[in-house]
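1. Below is the sequence, then the predicted model.
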Amino acid sequence: MHILITGAGRGLGLELAKLAAEKGHEVIACVRDPENVPGPLNELKDKHPGKVRIERLGVTNEAEAKALADKLGSEGIRLGGLVNNAAVLLGREHKLGELPIELVRESLEVNLLGPMSAAKYLAPLMANHAGAVVANISSEAGSFASAYGGDYPYALSKAALNYFSKQLGSELKGRGIRTIAVHPGWIRTDMGGQAAPMGPSESAEGILAILEGRVRLEDDDFFVDHKGQRMPL
């Protein structure tokens, strides 16, 4: 199965790329600048020749999404998984009175419009009625039930991503393609911090199990955790 992962240079994206390659999938690892790829991703490519390829996709650049889709389409590639992982966490130290609204705009640009742009151009490359999955990496911060009065840029952008996932799922359902928003858990990454209780590999294992169909979701589930358990909205 071809699995395309955005933000694959580090953290959860890198762990997903590693695990997918180890399990024999063909990984398209997307980063903003292929000329300055983090060492671990280059090592992964060298370790799995022909199974891991690195491609340019800055998620805020719609033209790059189209160019990548055109390139993959010309090769006849059909995607089994699209993982919209790239994201930013900005302004979490600010209450509303001190919050630079530009941080909200930037967060929406990356965390919402990025996945929308990727899906716009790459979902047409996904195989019909073959178990393909669009997995938008979201967060419990985007849940109405878990609203905690902070992290406005991140929480609002992830809430919007959850809604987009529901909308996209309704559109792609007729092609037999599943769309989900996934809370990956609190994991030890640059974003999650070192105090997090779980390593990214555990989360990646669960998400890959969902992509592979080893974890069965209920028909109406669209916001789940990394184990496939329904998350509160």
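-> Noted; the coordinates are in hand.

2. Could you tell me how far the longest helix along the chain lies from the centre of the chain?
-> Looking across the chain with DSSP state H, the single longest helix is helix 152-172. The chain centroid and the centroid of helix 152-172 are separated by 12 Å, computed with C-alpha atoms, centre = their mean, to the nearest Å.

3. Ok, stretch 41-54 next?
-> Centroid displacement of stretch 41-54 relative to its chain, using C-alpha atoms, centre = their mean, is 20 Å.

4. May I see the buried residues of it?
-> 41, 44, 45, 48, 52, 53, 54 (16 or more other C-beta atoms under 10 Å). For glycine as for every other residue, the C-beta is placed from the backbone atoms N, C-alpha and C.

5. closest to residue 147 among those residues?
-> Comparing the buried residues of stretch 41-54 against residue 147 with C-beta to C-beta picks out residue 41 as the nearest, at 35.1 Å.

6. Looks to me like the closest one is in a strand.
-> No - secondary structure of residue 41 (DSSP: H, G, I helix; E, B strand; the rest coil): helix, not part of a strand.

7. Pretty sure it sits against residue 29.
-> Yes - between residue 41 and residue 29 a contact is recorded at 6.0 Å, counting by C-beta atoms under 8 Å.

8. what sits in contact with each of those two?
-> Common neighbours of residue 41 and residue 29, counting by C-beta atoms under 8 Å, 6 or more residues apart in numbering, are 8, 9, 17, 54.

9. By neighbour count, which of those wins?
-> Among the shared contacts of residue 41 and residue 29, residue 8 has the most neighbours (other C-beta atoms under 10 Å), with 32 neighbours.

10. on that earlier part again, tabulate the buried residues of stretch 41-54 (JSON lines), appending secondary structure and pLDDT.
-> Below are the buried residues of stretch 41-54 laid out as JSON lines (DSSP: H, G, I helix; E, B strand; the rest coil; pLDDT from 0 to 100):
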{"residue": "41", "secondary structure": "helix", "pLDDT": "97"}
{"residue": "44", "secondary structure": "helix", "pLDDT": "97"}
{"residue": "45", "secondary structure": "helix", "pLDDT": "96"}
{"residue": "48", "secondary structure": "coil", "pLDDT": "96"}
{"residue": "52", "secondary structure": "strand", "pLDDT": "98"}
{"residue": "53", "secondary structure": "strand", "pLDDT": "97"}
{"residue": "54", "secondary structure": "strand", "pLDDT": "98"}
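
11. mind checking pLDDT for the residue located most distally from the centre of the chain?
-> Note on the chain: the largest C-alpha distance from the chain mean falls to residue 97, namely 30.9 Å (C-alpha atoms, centre = their mean). Note on residue 97: pLDDT of 95.

12. picking that back up, who are the packing partners of the longest helix of the chain?
-> If you count contacts as 3 or more C-beta pairs under 8 Å, 6 or more residues apart in numbering; DSSP states H and E, helix 152-172 packs onto helix 101-108, helix 114-122, strand 133-137, strand 178-183, strand 223-225.

13. contact partners of the first one?
-> For helix 101-108, the surrounding residues in contact (C-beta under 8 Å, 6+ apart) are 88, 90, 91, 94, 152, 153, 154, 156, 157, 160.

14. do stretch 139-152 as well
-> Identification of contacts with stretch 139-152 by C-beta under 8 Å, 6+ apart yields 89, 91-92, 94-96, 99, 104, 154-162, 181, 183-184, 223, 231-233.

15. sorry, back to before: let me know which of the helices and strands packed on helix 152-172 is tucked in deepest.
-> strand 133-137 (a mean of 26; mean count of other C-beta atoms under 10 Å).
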